[in-house]
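K.L.:
Here's my sequence, what's the structure:
(one chain, ligands or ions: 1)
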Amino acid sequence: MPVKSWADKLLRSLGEEVVKINPEALESRSRDESGLGPFLPEAVVLARSPEEVSVALRIAQEERIPVYPRGAGTGLTGGALAVHGGMCLDVSRMNRILEIDPENLVAVVEPGVITGDLQRESESQNLFYPPDPASLESCTIGGNIAENAGGPRALKYGLTAHYLLGLEMALPGGERVWLGRKTKKGVTGYEMVLAVVGSEGTLGVITKAAVRLIPKPRASLTAMAFFPQEQDACRAVGRMIGEGILPRAMELVDREGVSVIRRSVDFAMPEGTMLLLETDGTEEAAWADMERAAGFAESHGASQVIIAQDERRARELWSARRSLAEALPGSADDDICVPRSAIPEAVSRIREEAGRLGSELVIFGHAGDGNLHFKIKQDDPERLRLTREAIYRIALQLGGSLTGEHGVGLLKKDYISWELPSLSLRLQRNLKTLFDPKGIMNPGKFF
Ligand SMILES: Cc1cc2nc3c(=O)[nH]c(=O)nc-3n(C[C@H](O)[C@H](O)[C@H](O)COP(=O)(O)OP(=O)(O)OC[C@H]3O[C@@H](n4cnc5c(N)ncnc54)[C@H](O)[C@@H]3O)c2cc1C
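P.N.:
Got it, this is the predicted structure:
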């Protein structure tokens, strides 16, 4: 196939080390973890620096080529997929931790840094970067910012947005701008960083980020509470928090999900719906909070609460929880968010609707935040779509959101107007035009 003139221009400017047009490079970026696609880009730019990102964006703007930013491709809604061909701008090689500043509790990183690497590096200096998406061993900080990634610990510590102080972004055309700051406080001008958080690669390419660290908690404890009745577990989530008990994580895994986890750990686990709890702080505080949480669970329907007796067992349990979605059959992991007090109603209505459509369902997720995840087993594509739509409707009827953390991407672009009022959508479209007047950034997504 002849090389397109714009790809040739890229090759001449950035060289063969950076610009790839061989089938393997294109093929390996034609999918992400959403199960959508494949969508082949026509060229892949494996940028090594902000300057190379800028060059690629300058050529893309001149030639009006679609640009699809990509981190690790772990996205679950197809955000990084090249639905209109064009250029995949892959920043995974920009993976250096540039600075960890313990006095100011700040880390400066390149966008391709793997989240787990930043966590380990921070913890080696007694610091803590709390955002912990289950994909933390493979996803990137740039992808986390673009999706406002959460995770189990978001319950106590918040989302990626709450740790982002500032970022450098390359705009279509190639100019780079620093938004935000490196200090904890600073209110000069609009909080532009937050416009970029969750923008899913539709505004520009994040080329650097300054994130907030906190001191590492001295101890943490993990426990499993098993409930014979699913609704008891669902009610316990909001009520426990209403009682002033705030673990750092409170994950719900339904009976089917528990049976999968039971097969992957090497210790005996009861059956039932599980709340996976984690507390932290000083050793005394972690134990005191866990005792309160365990006592609460037992008095609200849990038949057993098992505290992981050592770190190895806790790690094993969390690793099984993190791998759960991949271990389950069915569609890609999808998510919604509801107020946590509405979890019992959400779960029972979702089960009812899925049953009516003949779909099998596993429900799990970051229940402490009302963030329910589900995998659907349904061979008929039309019924799969109807099941998803029924679940999205339930989330919105209960005052929730179409997605708590996976984003809109390609999967939910047709539903965005179900949630956002038209004026809000118009403002967002205008913001997009301001950053990207020629519409080259991640076209075919979001709106
Ligand atoms: C097993 C598994 C578990 C998961 N668990 C969680 C979880 O607990 N919480 C959670 O929030 N998510 C979770 N995810 C989803 C996914 O890992 C996150 O959305 C993650 O933030 C994506 O990062 P990435 O580097 O893979 O981004 P990609 O998939 O490469 O891209 C995602 C989006 O970000 C954009 N993007 C990427 N890098 C940049 C950049 N530098 N500048 C501008 N835009 C960019 C892309 O264009 C795309 O729209 C999970 C996924 C899997 C497979």
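
K.L.:
So what does the residue nearest the centre of the chain have for phi and psi?
P.N.:
When CA atoms, centre = their mean is applied to the chain, the residue found nearest the centroid is residue 149 (3.3 Å). Phi and psi for residue 149, reported as degrees, to the nearest 10, are phi -60, psi 150.

K.L.:
quick one: terminal-to-terminal distance for stretch 39-54?
P.N.:
End-to-end span of stretch 39-54 (CA to CA, to the nearest Å): 24 Å.

K.L.:
and the stretch 101-250 of the chain, which of its residues are near the ligand?
P.N.:
111, 133-135, 139-140, 142-144, 146-147, 149-151, 200-201, 205-206 (CB under 6 Å from any ligand atom). All C-beta spots, glycine's among them, are computed from the backbone N, C-alpha and C.

K.L.:
Can you name the residue of the stretch 151-300 of the chain nearest the ligand?
P.N.:
residue 201 (2.5 Å; CB to the nearest ligand atom).

K.L.:
Would you state the strands of the stretch 151-300 of the chain in chain order?
P.N.:
Along the stretch 151-300 of the chain, the segments classed as strands by DSSP state E, counting those that start in this stretch run 164-170, 176-180, 205-212, 214-215, 219-227, 249-253, 273-281.

K.L.:
Pairing partners for the second one, with directions?
P.N.:
The one in question is strand 176-180. Using DSSP bridges, the strands paired with strand 176-180 are strand 164-170 (antiparallel).

K.L.:
just the angle between the partner strand and strand 205-212, please?
P.N.:
Interaxial angle, strand 164-170 versus strand 205-212 (axes from the mean of the first three to the mean of the last three CA atoms, to 10 degrees): 160 degrees.

K.L.:
mean confidence score for strand 164-170?
P.N.:
Here strand 164-170 scores 98 as its mean pLDDT.

K.L.:
Can I get that strand as PDB, trimmed to CA atoms?
P.N.:
Extracted C-alpha coordinates of strand 164-170, given in PDB (Å, rounded to 0.1, in the frame of the first residue of the first chain):
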ATOM      1  CA  LEU A 164      -3.700  16.400  39.900                       C
ATOM      2  CA  LEU A 165      -2.100  19.800  40.400                       C
ATOM      3  CA  GLY A 166      -1.000  20.800  36.900                       C
ATOM      4  CA  LEU A 167      -0.200  19.400  33.500                       C
ATOM      5  CA  GLU A 168       1.400  20.300  30.300                       C
ATOM      6  CA  MET A 169      -0.700  19.700  27.200                       C
ATOM      7  CA  ALA A 170       0.200  19.800  23.500                       C
END
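
K.L.:
Now do the contacts for the residue nearest to the centre of the chain.
P.N.:
Residues in contact with residue 149 (CB atoms under 8 Å, 6 or more residues apart in numbering) are 115, 131, 133, 139, 143, 159, 160, 405.
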